[in-house]
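only geometry, no sequence info:
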């Protein structure tokens, strides 16, 4: 992998929570700050299922990537907003079934970049780039993306536990479709999002997380369906995490 940027963890603001580090803490990571822990503890007051959901999400990641690599024959993956490396990361799952699978991880958190580089130092089929998934063109033009991803071949675009960080003002449909709409037939998009039909509870959750400086929008299942209603679903379609295969 390439490592053109120098990351100094001492320069990272510790009073600003990060969704990647908070999510990592829910999964047992030690790479977080007090602001990340307090942000998650506040979220738990409204959404006590947060930790269970994070763990179910990790299991869903394994099953989805296993399906893509083993059954769908996908050999290249773009993981948007990948978060901190924990266990059973995308490249580990994909390469256990397809050893030559290529994986490009994308995240804006410098802690993710630093730890990802350390993990992937000896893996020339996997890299992590420091980019905002809101800037899809920059991701597509990044030299590491162009080095590892062949856009003339099918690929999988992954938005695991990321869609709720795309408020409507950021045009989530565009963000979800930029890459997949250009991909060749046989490509896949995978996503997960926190949903609720309880609008008052959703509004309270949104207020707490946005108030902590992390963009967030809880949606109803129908609203998530509408974001990808022009794509053909893989059975059983968009369902609760634990029900997907």
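Sure thing, it's come through. The shown structure was predicted, so the numbers you read here are calculated from the model rather than taken from an experiment.

so where is the protein shaky, pLDDT-wise?
Applying pLDDT under 70 to the chain flags the ranges 1-33, 36, 39-40, 84.

go with 50
Low-confidence segments of the chain, defined by pLDDT under 50: 1-4.

quick one: the strands in it?
For the chain, the strands defined by DSSP state E cover 76-80, 102-107, 126-130, 156-159, 188-191.

using TSV, lay out these together with mean neighbour count.
Yep, even glycine has a C-beta here, placed from its N, CA and C like the rest. What follows is the strands of the chain, written out as TSV (neighbours: other CB atoms under 10 Å):
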stretch	mean neighbour count
strand 76-80	26
strand 102-107	26
strand 126-130	24
strand 156-159	24
strand 188-191	20
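
nearest to residue 56, of those strands?
strand 188-191 (14.7 Å; CB to CB).

just give me the longest helix of this structure.
helix 50-66 (DSSP state H).

now the angle from that helix to strand 76-80?
160 degrees (axes from the mean of the first three to the mean of the last three CA atoms, to 10 degrees).

on that earlier part again, export the strands of the chain to TSV and tack on distance to residue 145?
Shown next, in TSV, are these (distance: least, CB to CB, whole Å):
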stretch	distance to residue 145
strand 76-80	7
strand 102-107	5
strand 126-130	7
strand 156-159	11
strand 188-191	16
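
what's the closest of the ones you listed to residue 48?
Nearest of the strands of the chain (CB to CB): strand 188-191, 23.7 Å.

now do that closest one: distance to the chain's middle.
11 Å (CA atoms, centre = their mean, to the nearest Å).

looking at the strands of the chain, which is closest to residue 114?
strand 126-130 (9.3 Å).

which strands or helices does that closest one pack on?
strand 102-107, helix 110-120, helix 143-148 (3 or more CB pairs under 8 Å, 6 or more residues apart in numbering; DSSP states H and E).

what separation is there between the residue lying farthest from the centre of the chain and residue 191?
Within the chain, residue 200 marks the point farthest from the mean C-alpha position, 26.2 Å out by CA atoms, centre = their mean. Residue 200 sits 25 Å away from residue 191, taking CB to CB, to the nearest Å as the criterion.

how about residue 124?
For residue 124, the distance to residue 191 - CB to CB - is 28 Å.

got it, and residue 175?
Distance from residue 175 to residue 191, by CB to CB: 10 Å.

cool, residue 207 as well?
Relative to residue 191, and taking CB to CB, residue 207 is found at 24 Å.

equivalent analysis for residue 234, please.
12 Å.

next: residue 42.
25 Å.

tell me the buried residues in stretch 172-192?
For stretch 172-192, burial by neighbour count (16 or more other CB atoms under 10 Å) applies to 172, 175-180, 183, 187-192.

hang on, the earlier thing: how far away from the center of its chain is the longest helix of the chain?
Distance, centroid of helix 50-66 to centroid of chain: 11 Å (CA atoms, centre = their mean).
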